[in-house]
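> After the sequence you'll find the predicted model.
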Amino acid sequence: MKATLEFDLPEEIEEFKMAARGADYFCSLWDLKQLLRERHKYGLDTDIFEQRFKDILNDTLLDDIS
């Protein structure tokens, strides 16, 4: 079985980016889940938590596809 996604570029560039980066979004959510678990279980310091949260978002979700 094969599936093909088609986009009318440049009009649908945002939709394309979301589809192309799906695995990155999934991995980021997994990392955030683990970070929340760590904070709950081990009492992670709030400053460290906030910085790691920002790092996860910056590393994966905020990068643009060129």
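Everything's here; your move.

> C-alpha from now on. contacts and neighbour counts both.
Will do.

> Mind telling me what element residue 26 is part of?
helix 22-42 (DSSP states H and E).

> For that helix, buried residues please.
25, 28, 31-32, 35-36 (16 or more other C-alpha atoms under 10 Å).

> and what of stretch 5-21?
Neighbour count says stretch 5-21 has residue 16 buried, by 16+ other C-alpha under 10 Å.

> Let me see the mean pLDDT of it.
Mean per-residue pLDDT for stretch 5-21: 92.

> From one end of that stretch to the other, what's the distance?
13 Å (C-alpha to C-alpha, to the nearest Å).

> could we number from 5 for the rest of this?
With the count now opening at 5, the last piece we talked about shows up as stretch 9-25.

> from the chain's centre, how far out does it sit?
17 Å (C-alpha atoms, centre = their mean, to the nearest Å).

> Show residues contacting stretch 49-60.
With C-alpha atoms under 8 Å, 6 or more residues apart in numbering as the test, stretch 49-60 has contacts from 32, 35-36, 39, 43.

> Can I get those in JSON lines including pLDDT?
Listed next are the contacts of stretch 49-60 as JSON lines, based on pLDDT from 0 to 100:
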{"residue": "32", "pLDDT": "86"}
{"residue": "35", "pLDDT": "89"}
{"residue": "36", "pLDDT": "86"}
{"residue": "39", "pLDDT": "86"}
{"residue": "43", "pLDDT": "82"}
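
> So the residue positioned nearest the centre of the chain versus residue 60, what's the distance?
When C-alpha atoms, centre = their mean is applied to the chain, the residue found nearest the centroid is residue 29 (3.2 Å). Distance, residue 29 to residue 60, using C-alpha to C-alpha: 10 Å.
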